[in-house]
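> the following block contains a protein sequence and its predicted model.
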Amino acid sequence: MIPLERQDKILALVADRDAISINELAQQLRVSHMTVRRDIRKLEDEGRLLAVSGGVRSMQRLQREPSHLDKTLMHSPEKQAIGHYAVRQIPPDSCIYLDAGTTTLALARQLGARSDLLIVTNDFAISDFLIQHAECRMLHTGGMLCRENRSCVGEATAQALRNICIDIAFVSASCWNTGGLCTPDENKVAVKRAARAASSKCILLSDSSKYGKVATWRALPLNEFDEIITDQHLASHGRDALQQTGARVVMVPVEPPTSGKPAQSD
């Protein structure tokens, strides 16, 4: 059986059962565990399934973005912990980009006293907070309005970012995996790519609940990020898979300790 046939068979078995062990795959395909793992790695890189401890499962597909209101109610402690850690990565007098999202909003809430910053964003909730509570300079990208997510998306937003020299872009994600960051909204792709291109450094901010999901449109591969900041609840199989990509991952304690540093995987 050639590799493509094996991989199609693996996908069919996973689709039928949702999850299956490496031992059973090796028996079904009559190949070694090493061959199965090689096929799984390729399929995971393509975003077609997710490796878990001892096996694989189907990749959860995100059909549409949750609304801004829905997202504010989800995984708030994790987002606050990520924001608390991320703010310490911003040098004085920086120009930073805050991508639309409630995790980047959690970072914005840490910036009230930073009058030295120029903050660029496409998010109206972030803008509203900064207008009322911060002393920084601020630039909104403008662009096509996305009402549900209270942000601007599309080519006009992307073009605005291309005209700015950004020190650090903090990019959000509704779903990501070892294949990279993806989105169910095509209009967000150009914005995230433009933010990466305009920035000297790019950091992904995302709580661990979004890992292992896939959506229609690929936005950025993980190797485009200098750092990924998530929370300590990232499952062990996710940590192992990310280590194989070479990505530098920081897993932040949800309740930051009084001393010590967040767990890191380089």
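The structure has been received and is ready for your questions. Predicted model only: the values in this text are computed from it and were never measured.

> count of residues packed around residue 118?
16 (other CB atoms under 10 Å). (Glycine included, C-beta is placed from N, CA and C.)

> just the one 5 residues further on next, same as before
Counted with other CB under 10 Å, residues neighbouring residue 123 total 26.

> return the residues in contact with the closest residue in space to it that isn't next to it in sequence.
Nearest non-adjacent residue to residue 123, counting by CB to CB, 6 or more residues apart in numbering: residue 100, 3.9 Å away. Residues counted as contacts of residue 100 (CB atoms under 8 Å, 6 or more residues apart in numbering) are 121, 122, 123, 126, 146, 149, 150, 151, 152, 153, 172.

> again, only this time at 7 Å
Going by CB atoms under 7 Å, 6 or more residues apart in numbering, residue 100 touches 122, 123, 149, 151, 172.

> the fourth one and residue 188: what is the separation?
The spacing between residue 151 and residue 188, counted by CB to CB, to the nearest Å, is 9 Å.

> for the first one, same thing?
As defined by CB to CB, residue 122 lies at a distance of 9 Å from residue 188.

> helix or strand for the closest residue to residue 206 other than its chain neighbours, which one?
Distances taken as CB to CB, 6+ apart place residue 173 nearest to residue 206, at 4.4 Å, with adjacent residues excluded. Following DSSP states H and E, one finds residue 173 outside all helices and strands.

> likewise residue 35?
Applying DSSP H and E, one finds residue 35 within helix 33-45.

> ok, and what's touching that helix?
By CB under 7 Å, 6+ apart, helix 33-45 touches 3, 6-7, 10-11, 22, 25-26, 29, 49-51, 56, 178-179, 241.

> most centrally placed residue in the protein?
Centroid-nearest residue in the chain: residue 173, 3.9 Å away (criterion: CA atoms, centre = their mean).

> pretty sure it is touching residue 210, no?
Yes - Residue 173 is within contact range of residue 210, at 5.7 Å (criterion: CB atoms under 7 Å).

> got phi/psi on residue 117?
phi -100, psi 150 (degrees, to the nearest 10).

> quick one: contacts for it?
94, 96, 111, 136.

> of all those, which comes closest to residue 16?
Distances from residue 16 to the contacts of residue 117, taken as CB to CB, are shortest for residue 96 (46.4 Å).

> what pairs with that closest one across the strands?
residue 119, residue 168 (DSSP bridges).

> what sits up against whichever strand or helix holds residue 201?
Taking DSSP H and E as the definition, residue 201 sits inside strand 199-205. By CB under 7 Å, 6+ apart, the residues outside strand 199-205 that reach it are 82, 86, 89, 97, 103-104, 107, 166-173, 181, 196, 224-229.

> show me what the longest helix seen in the chain is packed up against.
Criterion DSSP state H: the longest helix present in the chain is helix 3-17. Contact partners of helix 3-17 among helices and strands, from 3 or more CB pairs under 7 Å, 6 or more residues apart in numbering; DSSP states H and E: helix 22-29, helix 33-45, strand 55-58.

> which stretches of the stretch 51-200 of the chain form strands?
Secondary structure of the stretch 51-200 of the chain (DSSP state E, counting those that start in this stretch): strands located at 55-58, 60-61, 95-98, 118-121, 137-140, 144-146, 151-153, 166-171, 175-177, 180-183, 199-205.

> for the shortest one, give the mean pLDDT please.
When pLDDT is averaged along strand 60-61, the result is 66.

> okay, now the domains of the protein?
As given by automatic domain parsing, the domain ranges for the chain are 3-58, 68-265.

> would you mind finding the most buried of these?
domain 68-265 (a mean of 19; mean count of other CB atoms under 10 Å).

> hang on, the earlier thing: between the helices and strands packed on helix 3-17, which gets nearest to residue 77?
Per CB to CB, nearest to residue 77 of these: strand 55-58, 26.0 Å.

> what strands flank the closest one, and is each parallel or antiparallel?
Here, using DSSP bridges, strand 55-58 pairs with strand 19-21 (antiparallel), strand 49-52 (antiparallel).
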